[in-house]
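Asks: return a 3D structure for these sequence lines:
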Amino acid sequence: MIEPLVLLPGLMCDARLFEPQIVRLSRQRAVTVAPVSTAERVEEIASGMLDQLPHRFALAGHSMGGVVALEIIRRAPGRVTRLALLSTDAHADTPQIAATREEYLVGAKAGRLEDVMRRIIGSDSLAPGPRRIPILNEVIKMAMDLGPDVFERQIRALQRRPEQQAELRRINVPTLVLCGAHDTLTPARKHSFMADLIPGADLQVIDEAGHLPTLETPQVVNDALEAWLNTPARVAYG
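Replies: Model (predicted):
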């Protein structure tokens, strides 16, 4: 039986973040994009999501979606057949980062959500090239469609997220850790750190991508995800 794939988008993104992956991967399996905007705590988002997801599934999360994915496999390791972490970070917010997020909240509540998002995901977080600005604008459009209420819930969840480093060592399913070499938000060194802690993890750094590899280099990401999905499954921890 081919396991379904669950995709979790990053901060202020929706299914459009994974459009190239959905088109390709849905030819072989059921693909679901689940929202990571339902509560102000990562634990509550994961708990609510598990009530709606298939009994067993492959799980891939981008950025904030990766944070939620780690909480899901911590809570229900026997249900996750494989894990992919894209452009994400296992560490809790430092006081400085949490304070900066508070400034973002003030701006969003004052009607400056677009400006705030352009501060969070600037063009320097993507790989240089002609597609950099169009991709950035697409992410801004997703954010504006989701709106300030979703932004507040997601920022609160990130501020309060648990430290997940210790959980990485317990993961025992095929795991892909993928990022772009130009990512300034979640740099490659953070992904190397995660991959070193996860037993048998496959680390892939894409030279031509930044923080949004699913849109910047969709073919490379599709190939990596397809290879990951075809890796023989192992027994999950727990």
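
Asks: could you use CA atoms for every contact and neighbour count after this?
Replies: OK.

Asks: by contact count, what packs against the lengthiest helix in the chain?
Replies: Looking across the chain with DSSP state H, the single longest helix is helix 132-159. The criterion is 3 or more CA pairs under 8 Å, 6 or more residues apart in numbering; DSSP states H and E, and the helices and strands that helix 132-159 contacts are helix 95-109, helix 113-120, helix 213-216.

Asks: got the angle between the longest one and helix 132-159?
Replies: What that stands for is helix 95-109. For helix 95-109 against helix 132-159, the angle by axes from the mean of the first three to the mean of the last three CA atoms, to 10 degrees is 110 degrees.

Asks: what does helix 95-109 contact?
Replies: Residues outside helix 95-109 that contact it (CA atoms under 8 Å, 6 or more residues apart in numbering): 113-114, 116, 148, 151-152, 155, 159.

Asks: if you set the cut-off to 6 Å instead, what comes out?
Replies: With contact meaning CA atoms under 6 Å, 6 or more residues apart in numbering, helix 95-109 is reached by 116, 159.

Asks: any buried residues in the longest helix of the chain, and which?
Replies: For helix 132-159, the neighbour count (16 or more other CA atoms under 10 Å) marks 132, 135-136, 139-140, 142-144, 147-148, 150-159 as buried.

Asks: quick revisit: any idea which of the helices and strands packed on helix 132-159 gets closest to A84?
Replies: When the helices and strands packed on helix 132-159 are compared by CA to CA, helix 213-216 sits nearest A84, at 12.5 Å.

Asks: and the closest one, what's its mean pLDDT?
Replies: Mean pLDDT, helix 213-216: 98.

Asks: need the contact partners of that helix.
Replies: With CA under 6 Å, 6+ apart as the test, helix 213-216 has contacts from 209, 221.

Asks: in the protein, which spans are helices?
Replies: For the chain, the helices defined by DSSP H occupy 19-25, 42-50, 64-75, 95-109, 113-120, 132-159, 165-168, 188-197, 213-216, 218-229.

Asks: how far away is the residue lying closest to L197 once chain neighbours are set aside from V177?
Replies: Setting aside the residues directly before and after it, L197 is nearest to R169 in space (CA to CA, 6 or more residues apart in numbering), at 5.3 Å. In this view, R169 and V177 are 14 Å apart by CA to CA, to the nearest Å.

Asks: same deal with I140?
Replies: I140 sits 25 Å away from V177, taking CA to CA as the criterion.

Asks: and for L212?
Replies: Distance check for L212 against V177: by CA to CA, it reads 14 Å.

Asks: circling back: could you check which of R169 and V177 has the larger neighbour count?
Replies: Neighbour count, other CA atoms under 10 Å: between R169 and V177, V177 has more, with 23 against 15.

Asks: identify the bridge partners of the residue lying closest to V33 once chain neighbours are set aside.
Replies: Nearest non-adjacent residue to V33, counting by CA to CA, 6+ apart: L7, 4.7 Å away. L7 forms beta bridges with V33, A60, as assigned by DSSP bridges.

Asks: got a list of what L7 touches?
Replies: Contacts for L7 (CA under 6 Å, 6+ apart) come out as 33, 60-61.

Asks: pass me the low-pLDDT residue ranges in the chain, would you?
Replies: Scanning the chain for pLDDT under 70 picks out 234-238.

Asks: show the contacting residues for the residue nearest the centre of it.
Replies: Geometric centre of the chain, nearest residue: H62, 1.6 Å, by CA atoms, centre = their mean. When contacts are counted by CA under 6 Å, 6+ apart, H62 touches 9-10, 86-87.
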